[in-house]
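Q: Got a predicted structure here, sequence first:
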Amino acid sequence: MSARTHAAVAPAADESADSCCAAPLPVLGRDVTVPLVTGGEVTYAALDYAASAPALQRVWDDVAAYAPYYGSVHRGAGYLSQLSTDLFENSRATVAEFLDCRPDDQVVFTRSTTDSLNLLAATLPADCQVFVFETEHHASLLPWQDARVTYLDAPRTPEQAVATLERALADRDPSPNSRTRSGTGGPASPALVCVTGASNVTGELWPVKELAAAAHAHGARIVLDAAQLAPHHPVSVQDLDVDWIAFSGHKLYAPFGSGVLAGRADWLQDAEPYLAGGGASRKVARRADGGVDVEWHTTAARHEAGSPNVIGVYSIASACRALTEAGFDALVARERHLIATVRAGLAQVPEVKVLSLFGDDAPRVGVISFVVEGWNSSHFAAALSAEYGIGVRDGLFCAHPLVRTLLGGDPGTQGECGAPEAAPGERSLNAIRVSFGAGTPDEHVERFVGAVKELVRDGARWNYRTEDGRCVPDRG
């Protein structure tokens, strides 16, 4: 039952009145309405783009147009197979162009950023050392368990990030064939640096180009987790001088189960296939002793065993084309306008603390995390959803060490992703994240800011309880 009543948030200008020069790109689900616990319905405000962005209408239309012509790729003699093979390989070329890859780079299609980085982890040379900041998403933090990993403390400025990495690389362990450390002239072991382009917690941009220069100066390679960067900013492998880049389709407005690992071919060619099976093998023959000899492909197919997700791959290529044609200058300008609206609105609420590593003036994408004094974050997020039709995310955002560091908690304390750790109203070491992108209209962020102010001022209109680890409206 209702705990209290108060005035609803005043409706903002409609989508056509967006004050920024560029209109939001049409996305699937933009007209979906959801019920409010207090009665009535409202157009859903999807503000959880950092978890999974809605499909661009252009992507959905392209997939729907292709779907009747779907066929198995590679080696199929039929027309649909040949058409699908051309589409699959042309999509590879589209992604390479979107990322500004080097001529000899390989583009490998995977399931996600997580899958891409686990693939790269499986290709590491013997005795390779990995350097990763504690600030990374778990997709970048965890795949290196079979390697020697150095976890670097969270920096508080971009310059500190570069200096921290340089010191760690200079002091890294020597090659097993050397008795001297790399800092004293001995040959160093192979090394890989893994870094995000934009934080999935704070949205802050990382100094990727400078980190890449530091890595290469010390004989290391670098892989860029661009899951949060590629949907918001142009990404150039050559300009940033990274060795590999990984991202997911579901964050690039193409949520059909595919991802990308693109970059240098040598480690990929030298490693055993990520998955063994058809497609990865070029030739298989029985030996006289009864065994099997396998000749593996040296192209990207080496790590694409099995029937590929053609529709997922095509959807990524479609999103790459759509974003390129829309123009990143216009998209970035519009997103900065949305960021400014949200940050200005939150700054008017003294009880709100926005989380940041590099400070208020740091450049960022449309990802903002915060806590509200006196509120459990899960309770606050539940009220935004149930009473205002606004979808945000609460929890630790699969970046536990970073969020705990930002909140002043014990980085070693365990917690379950996204699950509240206290009852509504009790203190909990988790946060709220609002995120948006190319498909977000002004009204969604304006409604969000109004809802935050109203909840802090007047409290929730409904009672809530914890059920199966989630804070939900009490409908009893």
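A: That came in fine, so what should we check first? Keep in mind that what you see is a predicted model, and the values were worked out from it rather than measured.
Q: Could you pull out the helices in the stretch 251-400 of the chain for me?
A: Taking DSSP state H, counting those that start in this stretch, the helices of the stretch 251-400 of the chain run over residues 266-270, 310-326, 328-347, 377-388, 400-406.
Q: Go ahead and confirm V349 touches G450.
A: No - with contacts counted by C-beta atoms under 8 Å, V349 stays clear of G450, the gap being 11.0 Å. C-beta coordinates here come from the backbone N, C-alpha and C atoms, glycine included.
Q: Stretch 144-161: end-to-end distance?
A: The first and final residues of stretch 144-161 sit 20 Å from each other (C-alpha to C-alpha, to the nearest Å).
Q: Now do that stretch: distance to the chain's middle.
A: Put simply, stretch 144-161 sits 18 Å off its chain's centre (C-alpha atoms, centre = their mean, to the nearest Å).
Q: which residues touch the closest residue in space to R264 that isn't next to it in sequence?
A: Leaving aside its sequence neighbours, R264 sits nearest to D243 (C-beta to C-beta, 6 or more residues apart in numbering; 5.1 Å). Residues in contact with D243, defined by C-beta atoms under 8 Å, 6 or more residues apart in numbering, are R221, I222, V223, G263, R264.
Q: Now do the phi/psi pair for the spatially closest residue to A362 that is not a sequence neighbour.
A: Leaving aside its chain neighbours, A362 sits nearest to E204 (4.7 Å; criterion: C-beta to C-beta, 6+ apart). Main-chain torsions, E204, degrees, to the nearest 10: phi -70, psi 140.
Q: name the element A168 belongs to?
A: Per DSSP states H and E, A168 falls inside helix 158-170.
Q: Name the residues that touch that helix?
A: 131, 133, 150, 152-153, 155, 182-183, 191, 193, 206-207, 210-211, 214-215, 217-218, 220, 358, 362.
Q: hmm, 10 Å instead?
A: By C-beta atoms under 10 Å, 6 or more residues apart in numbering, the surrounding residues in contact with helix 158-170 are 129, 131-133, 135, 150-155, 157, 181-184, 188, 191, 193, 195, 204-208, 210-211, 213-220, 222, 357-358, 362-363.
Q: Relative to A67, how far out is H74?
A: 19 Å (C-beta to C-beta, to the nearest Å).
Q: Of these two, which one has the most company?
A: H74 (16 against 10; other C-beta atoms under 10 Å).
Q: Contacts only, for that one.
A: Neighbouring residues of H74 by C-beta under 10 Å, 6+ apart: S81, Q82, S84, T85, F88, E89, G278, G279, A301, E304, S307, P308.
Q: top of those by neighbour count?
A: That'd be E304 among these, by other C-beta under 10 Å, with 25 neighbours.
Q: quick one, what contacts that residue?
A: Neighbour list for E304: 73-74, 88, 108-110, 119, 273-275, 277, 279-280, 297, 313 [criterion: C-beta under 10 Å, 6+ apart].
Q: cool, V63 as well?
A: V63 neighbours (C-beta under 10 Å, 6+ apart): A55, Y70, A254, F256, I311, G312, Y314, S315, S318.
Q: and the closest residue to the first one other than its chain neighbours, what pLDDT?
A: In space, A55 comes closest to L28 once its chain neighbours are excluded; the distance is 4.4 Å by C-beta to C-beta, 6+ apart. The predicted local distance difference test score for L28 is 97.
Q: ok, now G263?
A: Confidence score, pLDDT, at G263: 98.
Q: ok, how many other residues are close to it?
A: Counted with other C-beta under 10 Å, the neighbours of G263 add up to 28.
Q: and if you look at the one 4 residues further on?
A: Around W267 there are 19 other residues, counting by other C-beta under 10 Å.
Q: how close does Q145 sit to G306?
A: For Q145 relative to G306 (C-beta to C-beta), the value is 24 Å.
Q: returning to what we had before: which among the contacts of E304 end up buried?
A: Buried members of the contacts of E304, scored by 16 or more other C-beta atoms under 10 Å, are 73-74, 88, 108-110, 119, 273-274, 279-280, 297, 313.
Q: got any ranges where the stretch 1-150 of the chain has weak pLDDT?
A: Where the stretch 1-150 of the chain drops to pLDDT under 70, the residues are 1-21.
Q: What does the pLDDT read for T466?
A: 89.
Q: what sits opposite it in the beta ladder?
A: As for beta bridges, T466 partners with C471 under DSSP bridges.
Q: Settle this for me: A67 is touching L80, isn't it.
A: No - if you go by C-beta atoms under 10 Å, A67 and L80 don't touch, sitting 11.2 Å apart.
Q: Need the contacts of D243 in TSV (columns: distance to R287).
A: Formatted as TSV, the contacts of D243 follow (distance: C-beta to C-beta, whole Å):
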residue	distance to R287
R221	36
I222	41
V223	37
G263	35
R264	33
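Q: Most neighbours among those, which one is it?
A: G263 leads those on contacts (other C-beta under 10 Å) with 28 neighbours.
Q: which residues touch the closest residue in space to that residue that isn't next to it in sequence?
A: Leaving out its chain neighbours, the residue that sits closest to G263 by C-beta to C-beta, 6+ apart is W244, at 3.2 Å. W244 makes contact with 105-106, 108, 116-117, 119-120, 123, 192, 194, 221-226, 237, 260-264, 267-268, according to C-beta under 10 Å, 6+ apart.
Q: swap the cut-off to 7 Å and go again
A: Under the criterion of C-beta atoms under 7 Å, 6 or more residues apart in numbering, the neighbours of W244 are L120, V223, L261, A262, G263, R264.
Q: hang on, the earlier thing: can you lay out the buried ones among the contacts of E304 as CSV showing distance to H232?
A: Formatted as CSV, those follow (distance: C-beta to C-beta, whole Å):
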residue, distance to H232
V73, 31
H74, 34
F88, 27
V108, 23
F109, 22
T110, 21
L119, 24
P273, 33
Y274, 28
G279, 33
A280, 33
H297, 34
V313, 22
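Q: So which of those residues sit within strands?
A: Counting by DSSP state E, the buried ones among the contacts of E304 place V108, F109, T110 in strands.
Q: what residues are up against the last one?
A: Under the criterion of C-beta under 7 Å, 6+ apart, the neighbours of T110 are S116, L119, G259, V260, L261.
Q: could the residues you listed go into CSV alongside distance to E443?
A: CSV is the format used below for the contacts of T110 (distance: C-beta to C-beta, whole Å):
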residue, distance to E443
S116, 35
L119, 40
G259, 32
V260, 33
L261, 37
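Q: which two from these end up farthest apart in space?
A: Using C-beta to C-beta, the contacts of T110 span at most 10.6 Å, a distance reached by L119 and V260.
Q: follow-up on the earlier one: if I read this right, the residue nearest to A362 contacts V367, doesn't it?
A: No - E204 is not in contact with V367 according to C-beta atoms under 7 Å; the separation is 8.5 Å.
Q: Overlap of the contact sets of those two?
A: With C-beta under 7 Å, 6+ apart, E204 and V367 have no common neighbours.
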